[in-house]
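Build the 3D model from these lines:
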Amino acid sequence: TEILLLLLIFLQNMSSRGQVTVTQPGAVSSAVGETVSISCTTSRDVSVYTQVFNSYHHLSWYQQKDGESPKLLIYWASSRQSGIPSRFSGSGSNSDFTLTISGIQAEDAAVYYCQSHQYINSQRVFTQ
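Reported below is the predicted structural model:
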C-alpha cells in the first residue's frame, strides 16, 4: 500500500527583516513500514535568540487529516508533543529542519505543516 503525504507550508513568521519563506517538496509517496523524511528549509535562521529584544523563534510541525484540525506533533524543532507516537521525530536547526516518520503507518496519511513562530518577551507575535 502506498501512502501519499501532502506537504504544505504553514509559515507564520513576519519580522522587520521581512517574511520568512520556506522550500520543501510538494508530496512524498511511501510504502507502509518505510521511513519518510520531510524537509523544511527557511530563508533565514529561525532558531535564534536575540537577547536585546528577548526575542526567539520556534519551529514546529503539525499533522492535519481530512476533516480534522491540525495536531501538533513536534515543537522546538525536535520535542515531541505528549501522546505523539515515537515514530515521529524532528531534527534540524538554523534554517534546515526535518520531520521523520519511521515505520510509517497507513493512518499517517495526512497533510504536514511546517510552522515558524516568533516570540518577544514570551508573547507570540508575527503569526497569522
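
ranges for the strands of the protein?
Using DSSP state E, the strands of the chain run over residues 2-9, 22-23, 27-31, 36-42, 49-50, 55-64, 71-75, 79-80, 88-93, 96-101, 111-120, 123-125.

Okay, now the unreliable bits of this structure?
In the predicted model, the chain carries pLDDT under 70 at residues 1-24, 46-57, 118-128.

Tell me how far the closest residue to L59 other than its chain neighbours lies from S86.
In this structure, L59 finds its nearest non-sequential neighbour in A77, 4.8 Å apart by CB to CB, 6 or more residues apart in numbering. Just so you know, the C-beta spots here come from the backbone N, C-alpha and C atoms, and that holds for glycine as well. From A77 across to S86, the span is 17 Å (CB to CB, to the nearest Å).

Neighbour count: these two, which is higher?
Using other CB atoms under 10 Å as the criterion, A77 and S86 rank with A77 on top: 21 against 8.

how close does the more buried one sit to A106?
A77 is 27 Å from A106, by CB to CB.
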